[in-house]
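Novice: Any chance you can model this:
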Amino acid sequence: MDAFAVRMARLEGAYEQIDKRLGSLEGRMASLERKVDEGFARLRQDLTQAIDRVGQKLDATFRWVIGIVLVNSITLMLAIFLRR
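Specialist: Model (predicted):
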C-alpha cells in the first residue's frame, strides 16, 4: 500500500505541474490574442487613413484635370470662333 500511495502522490504532483503549465499557457495565449487584436485594429485604422488620403489626392487631381480640360476646351473654342 505504501508504494501505491507514493505513486499516487507522484501522479498528483505531476498533474498539478501540468495544470500550472496549462494555466500559464492559457494566460500567454490570451495575452497574445489581445496583442494580435490590437495590432489588427491599428492596421485597420492605418489602412483606412491611407485610403482616405489617397481618395483626397485623387479628388484634387481630378479637379485639376477637369480644370485643365475646361480651359483647353474654352481656348480651342475661342481660337476657332476668333479665326472666322
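
Novice: quick one: the spatially most central residue of the chain from Leu78, how far?
Specialist: The residue lying closest to the centre of the chain (CA atoms, centre = their mean) is Leu43, at 2.5 Å. To Leu78, Leu43 is 52 Å away according to CB to CB, to the nearest Å. C-beta coordinates here come from the backbone N, C-alpha and C atoms, glycine included.

Novice: picking that back up, mind checking which helix or strand the residue nearest to the centre of the chain is in?
Specialist: Using DSSP states H and E, Leu43 falls within helix 2-83.

Novice: And the average pLDDT for that helix is what?
Specialist: Helix 2-83 carries an average pLDDT of 93.

Novice: by contact count, what packs against it?
Specialist: In this structure, helix 2-83 packs against no helix or strand, with contacts taken as 3 or more CB pairs under 8 Å, 6 or more residues apart in numbering; DSSP states H and E.

Novice: how distant is it from the center of its chain?
Specialist: Centre-to-centre, helix 2-83 and its host chain are 0 Å apart (CA atoms, centre = their mean, to the nearest Å).

Novice: Any idea how many residues pack against Leu47?
Specialist: A count of neighbours around Leu47, defined by other CB atoms under 10 Å, yields 10.

Novice: How about the contacts made by it?
Specialist: Residues near Leu47 by CB atoms under 8 Å, 6 or more residues apart in numbering: none.

Novice: picking that back up, and the gap between the residue nearest to the centre of the chain and Val36?
Specialist: Taking CB to CB, one finds Leu43 at 10 Å from Val36.

Novice: try Val6
Specialist: Distance from Val6 to Val36, by CB to CB: 45 Å.

Novice: cool, and Lys57?
Specialist: From Lys57 to Val36 the distance is 31 Å (CB to CB).

Novice: What of Gly55?
Specialist: Gly55 is 28 Å from Val36, where distance means CB to CB.
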